[in-house]
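# Next comes the sequence, and after it the predicted model I'd like to discuss.
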Amino acid sequence: MTKLSVNINKIATLRNARGGDLPNVLKAAVDCERFGAQGITVHPRPDERHIRYKDVLDLKPMLTTEFNIEGYPSREFVDLVIRVLPAQVTLVPDPPGVLTSNAGWDTIQHESFLREIIAEFHHHHIRTSIFIDSNPVLIRNAAKTGTDRIELYTESYARIFPSAREEAIKPFIHAATVATGSGLGINAGHDLNLMNLKYFAEQIPGLLEVSIGHALICDALYFGLENTIQLYRRQLH
């Protein structure tokens, strides 16, 4: 079964818009687990415009499902992850000021850098995943970095899906086949939602986890958080 990890960055964005502690990020994370989330994802960025480093530290002892920390592996980020010891770290190639993740790793150009960082995480028994496009060459080379999993960047799938779903999914099926053949586990995320998630999960062999934040929190405004998490879980059955 594909696990649903809920990215709570947008809850932190709402809190930060007014200062104070409403909504409470820690309570929201625990409630997401109680409502059926099988993991919690956070993506602390250097400017802390949503999730703060302190949030990450405060969340760890409260969570009972898998904790996934995403981010660019700066020294500060690496030290945070090692201090927290989450179940999984997902490495993204975001430059400091980017609005949201918009590209995967070039695993050829950055192979040695990734290999060194991943070895450090493995030394602390932290599972690693790297954010990557559906390019089969880059996926094959990802295996050389020592990563446990890849996270397929699904923006192009989501963009094409409404008009041509078979065209949209085709490169991702091939990517998943290459990943499995290279000994890599498969995660996915970015712009997955209630319209396109079920088809994606049905078509991708070996899909272990999806990380969803923006669309899920938007849907929760209309359907409520508990009901929304259950709606997303049903898409994965």
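Perfect, thanks for sending it. Everything numeric here is computed off the predicted structure, so don't read it as measured data.

# How about the residue nearest the centre of the chain: which residues does it bridge to?
Centroid-nearest residue in the chain: residue 211, 4.2 Å away (criterion: C-alpha atoms, centre = their mean). Note on residue 211: beta-bridge partners by DSSP bridges are residue 5, residue 189.

# name the helices or strands packed onto the longest helix belonging to the chain?
In the chain, taking DSSP state H as the definition, the longest helix is helix 165-181. Judged by 3 or more C-beta pairs under 8 Å, 6 or more residues apart in numbering; DSSP states H and E, helix 165-181 is in contact with helix 136-142, strand 149-153, helix 155-160, strand 185-189, helix 197-203. The C-beta positions use only the backbone N, C-alpha and C, and glycine is treated the same way.

# Find the one among these with the highest mean neighbour count.
Highest mean neighbour count among the helices and strands packed on helix 165-181 (mean count of other C-beta atoms under 10 Å): strand 149-153, with a mean of 26.

# picking that back up, looking at the helices and strands packed on helix 165-181, which is nearest to residue 118?
Among these, the nearest to residue 118 by C-beta to C-beta is helix 136-142 (10.0 Å).

# how distant is the closest one from the center of its chain?
19 Å (C-alpha atoms, centre = their mean, to the nearest Å).

# ditto for stretch 46-65
Relative to where its chain is centred, stretch 46-65 has its mean C-alpha point 15 Å off (C-alpha atoms, centre = their mean).
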